[in-house]
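1. 3D model of this:
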Amino acid sequence: MKLGLRVLALDADCSYSMAMRPQNLVAVSLIIIFVAISTASVLACTSFAVYGDRTLYGMNFDYPPNEIRFSIEQHEVGAVFIGSFWMGDQYGRTVGMNEHGLFSSDQMISPLRAPAATLDDGEMYIWNAYYEGLSTCTSVAEVLDMIGERRLVQYPSPALHNLFADPSGDAMVVETGAAENAITRIDGPFLVMTNFHNSDFCDSPLGAIVGGGADRYRTAHRMIEGSEVTFDIDQAFAVLESTSQPSGSYKTRWSLVADPEALGIYIALERDYDHIWKVSLHERTIETFRGFATQHTLPLDDVGVTGPALQAIAMESPALTEQGYGRAWLRWTLLAAGLLALGWLVIY
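-> The predicted structure follows:
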């Protein structure tokens, strides 16, 4: 916030003189660039909950190239699957589903509201609401009871909001409001969350939504709307691929589809949608599911398994999906055609 005010002040100073000194112009430019980079950095992650013939949750985790990890923790509520990333001194948990099918994703939001460097009585950091909800609650209703009358606040950085969903069809986005908690309940067969305040646009048409991740929100909304009844794992991954970020400092590190009825979680790493892993909360394992030449099953506990360990297995197994076969067939066909053409030119 202070940086933003400083830029405004510099812009105001510029209006008094048409002849800025070069060093001042460079300083202003650098600050503007820094603000742009800082703003872009919060445009990360997309999640959704869809209720049709099959209930499915999805999330893209977008972040710089820190190590990622998947684990199954044991808590009061039972087994909890967790997706996390290395923060320099510990793993930060950002998405999960427990054995009751309660799902939550914890994503960046802009602008920052209700910052608090320390907690007062009756306050709770929104990140704690995410993690405590997953580890102690079995439903969205229980999450609301757990929060109770406590005011949700933000540790100053990063600003976050949470999507919660359960198998009953109940879902919500939980945010810190300027004056009170902002809860956006599901109104229809699906709910999407990116990086703007959902509570700001409850009654707004799709085209009027602005803010961080608005384009990704519209893409997901349009792809899901009308197909909710038959929505399946392949369609869920199609939405995640279409909203993934292939460039910039916050690339998509994993795409995750969770099935709360089967208690299965399907994972594509680093935008590689030809190799899909499957986590079983029942078996507490992660295994090769689609696109691998050989079968691998690994135990999953609170220590977990890292992204690089899984990618090492994927590198040894060329994609064998139908799409993979199709691409290989096309490559060999084009190569053969090129060789025939080259041979014809040499002969004639």
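
2. all helices for the stretch 151-300 of the chain, in order.
-> 214-224, 233-242 (DSSP state H, counting those that start in this stretch).

3. what is the rounded mean pLDDT of the last one?
-> Rounded to a whole number, the mean pLDDT of helix 233-242 is 98.

4. and the angle from that helix to helix 214-224?
-> Here the directions of helix 233-242 and helix 214-224 differ by 160 degrees (axes from the mean of the first three to the mean of the last three Cα atoms, to 10 degrees).

5. which helices and strands does helix 233-242 pack with?
-> With contacts defined as 3 or more Cβ pairs under 8 Å, 6 or more residues apart in numbering; DSSP states H and E, helix 233-242 has these neighbours: strand 46-51, strand 55-62, helix 214-224, strand 252-259, strand 264-269. In this view, the C-beta of every residue, glycine as well, is placed from N, C-alpha and C.

6. how about it: buried residues?
-> Ile233, Gln235, Ala236, Phe237, Val239, Leu240 (16 or more other Cβ atoms under 10 Å).

7. and for the longest one?
-> By neighbour count, and taking 16+ other Cβ under 10 Å as the criterion, the buried residues in helix 214-224 are Ala214, Arg216, Tyr217, Arg218, Thr219, Ala220, His221, Met223, Ile224.

8. before we move on, back to that, show me which of the buried residues of helix 233-242 is closest to Ala116.
-> Of all the buried residues of helix 233-242, Leu240 has the smallest distance to Ala116: 33.1 Å, by Cβ to Cβ.

9. roughly how far does that closest one sit from Ile82?
-> 19 Å (Cβ to Cβ, to the nearest Å).

10. pull the contacting residues for the residue lying closest to Leu298 once chain neighbours are set aside.
-> Excluding its sequence neighbours, the residue lying closest to Leu298 (Cβ to Cβ, 6 or more residues apart in numbering) is Ile286, at 5.2 Å. By Cβ atoms under 8 Å, 6 or more residues apart in numbering, the contact list for Ile286 reads Phe70, Ile267, Trp277, Lys278, Val279, Ser280, Thr297, Leu298, Leu300, Val305, Leu310.

11. how long is stretch 116-130 from one end to the other?
-> By Cα to Cα, to the nearest Å, the extent of stretch 116-130 from end to end equals 17 Å.

12. thinking again about what came up before, any chance of the helices and strands packed on helix 233-242 in a markdown table, plus distance to Ala165 and mean pLDDT?
-> Shown next, in a markdown table, are the helices and strands packed on helix 233-242 (distance: least, Cβ to Cβ, whole Å; pLDDT from 0 to 100):
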| stretch | distance to Ala165 | mean pLDDT |
| --- | --- | --- |
| strand 46-51 | 4 | 98 |
| strand 55-62 | 6 | 98 |
| helix 214-224 | 13 | 98 |
| strand 252-259 | 9 | 98 |
| strand 264-269 | 14 | 98 |
